[in-house]
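In: Show me how the following folds:
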Amino acid sequence: MEGLKDKRALRMIGVTGEVFMIQSEGGPMKAAEYVADLGKKAVILTDWDRRGGTIARELGRQLSSLGLEYDNEIRAKLSFLCKKYIKDLESLGTLLERLSANASGIKGVYDTILESVFLGGAFLVIEGIDGAGKSTLCRAIEKRLAEEGYDVVVTQEPTHDEIGSFIREKRVKDISQKAEALLFVADRAVHTERILKWKEEGRVVICDRYFASTVAYQSSGLNGEALDREWLISLNMPVIAAPDLTVLLDIDPKKGLSRIGERGELSKFEESKFLENTRREYLRLADEFDFMIVDAEESQAEIADKIIKKLKERS
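Out: Below you'll find the model as predicted:
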């Protein structure tokens, strides 16, 4: 743990055992060596501020360098449990007083959240043809989870980063489907690194489109050119991370187009025949990769309920 006050607080509630104080006894490397010498499991306690996070990450790296396993699952659980108190707390002792005041005590509070916390974060992907309601659903799920106390990141593909912006702004004219697919995958490779970092931080990442969009759209005969789906899948496999849950919002293409008709001129991806092919490919991918298929014409509230429940089961 960081300092003497934390040690006293633990002793006050009856926690016994050997304690190493990181600040006064040599820092993260010495703490890692101490744990290694003990040959036992250890719990690392640091503040939740930026400095405490830095100490925890550095200690984790040092433990790994010594061949020891480091699991931040407990940190993610406790961060969720203590989220509403963090701004008011001065010490671990104050936190323990707050939690002990709960009718069921510290252990009772902790146990009640084990089934609902996304351990180590979660990665949710929402897929579907244009007009399915993906963006609206992402915002609805974000709002629900934020109200429950989760740290949520909503992102999308193509991204608004360097490569994604290059795609969105159509800086290259008359580009082939194959070249465009490669750009999408390059954008996804960079994006995936960020997603994994967010998830490692204990965040819930909601992604509007992921690799299935590239496969479904690029293999469906846009402008008469259909890329080989197996090539597209193999191209994506080295750069993607496995989502905890991928949801396919399924809708009839004509109904989807009617939803977006008010936007004005349709993009090249928003043509009825093409979207019919894309929908078929999405359903094929859903079967192959175990997507959760949801009727996009159900109410947003019902859809959000189903998805959040399934995500908590899988995370």
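In: Quick check: which element contains Asn277?
Out: helix 272-289 (DSSP states H and E).
In: Which residues outside that helix are in contact with it?
Out: 127-130, 212, 215-217, 219-222, 229, 246, 248, 250-254, 256-257, 269, 291, 293 (CB atoms under 8 Å, 6 or more residues apart in numbering). Yep, even glycine has a C-beta here, placed from its N, CA and C like the rest.
In: Return the distance of it from the chain's centre.
Out: 25 Å (CA atoms, centre = their mean, to the nearest Å).
In: and what of stretch 148-156?
Out: The answer for stretch 148-156 is 8 Å, by CA atoms, centre = their mean.
In: now the end-to-end length of it.
Out: 23 Å (CA to CA, to the nearest Å).
In: who are the neighbours in contact with Leu66?
Out: Taking CB under 8 Å, 6+ apart, we find Leu66 in contact with 32-33, 36.
In: how close does it sit to Ala42?
Out: Leu66 sits 12 Å away from Ala42, going by CB to CB, to the nearest Å.
In: In contact with Gly128, which residues?
Out: 134, 248-251, 282, 296.
In: Nearest spatial neighbour of it, chain-adjacent residues omitted?
Out: Leu249 (3.5 Å; CB to CB, 6 or more residues apart in numbering).
In: how many neighbours does Met29 have?
Out: 16 (other CB atoms under 10 Å).
In: and it, what is it in contact with?
Out: Per CB under 8 Å, 6+ apart, neighbours of Met29: Gln62.
In: Can you verify it is assigned to a helix?
Out: Yes - counting by DSSP: H, G, I helix; E, B strand; the rest coil, Met29 is located in a helix.
In: Just the pLDDT for it.
Out: Model confidence at Met29, expressed as pLDDT, equals 76.
In: Mind splitting the protein into its structural domains?
Out: In the domain annotation for the chain, the residue ranges read 4-113, 122-314 (automatic domain parsing).
In: winner for burial among the ones you listed?
Out: Comparing the domains of the chain by mean neighbour count (mean count of other CB atoms under 10 Å), domain 122-314 ranks first with a mean of 17.
In: Next secondary structure after the lowest-mean-pLDDT helix or strand in the chain?
Out: The least trusted helix or strand in the chain, going by mean pLDDT, DSSP states H and E, turns out to be helix 105-113, with a mean of 50. Downstream of helix 105-113, the first helix or strand assigned by DSSP H and E is strand 122-127.
In: Give me the residues contacting the helix or strand harbouring Ile141.
Out: According to DSSP H and E, Ile141 maps onto helix 134-147. Under the criterion CB under 8 Å, 6+ apart, residues 124, 126-128, 152, 154, 156, 204, 206, 208-209, 249, 300-301, 303-304, 307-308 lie in contact with helix 134-147.
In: Which residue, other than its chain neighbours, is closest to Arg168?
Out: Arg168 sits nearest to Pro158 (CB to CB, 6+ apart), 5.7 Å away.
In: Quick check: which ranges of this protein have low pLDDT?
Out: 1-5, 9-10, 12-16, 23-25, 40, 43-53, 70-120, 222-224, 262-270, 315 (pLDDT under 70).
In: Kindly recompute the last result at 50.
Out: In the predicted model, the chain carries pLDDT under 50 at residues 103, 109-110, 112-115, 268.
In: quick revisit: the contacts of Gly128 in strands, which ones?
Out: Mapping those onto strands (DSSP state E) picks out 248-250.
In: would CSV of those residues with distance to Lys312 be doable?
Out: As requested, the ones in strands among the contacts of Gly128 are exported to CSV (distance: CB to CB, whole Å):
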residue, distance to Lys312
Leu248, 19
Leu249, 19
Asp250, 22
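In: contacting residues around Ala226?
Out: So Ala226 contacts 218-220 (CB under 8 Å, 6+ apart).
In: Can you add secondary structure and give these back as JSON lines?
Out: Shown next, in JSON lines, are those (three-state DSSP):
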{"residue": "Gln218", "secondary structure": "helix"}
{"residue": "Ser219", "secondary structure": "coil"}
{"residue": "Ser220", "secondary structure": "coil"}
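In: before we move on, back to that, export the contacts of Gly128 as TSV, with columns for distance to Asp6.
Out: Listed next are the contacts of Gly128 as TSV, based on distance: CB to CB, whole Å:
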residue	distance to Asp6
Lys134	45
Leu248	47
Leu249	47
Asp250	52
Ile251	54
Tyr282	52
Ala296	50
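In: the helices in the protein, which residues?
Out: 4-12, 27-38, 50-65, 73-82, 92-100, 105-113, 134-147, 162-168, 177-200, 211-218, 229-236, 253-260, 272-289, 300-314 (DSSP state H).
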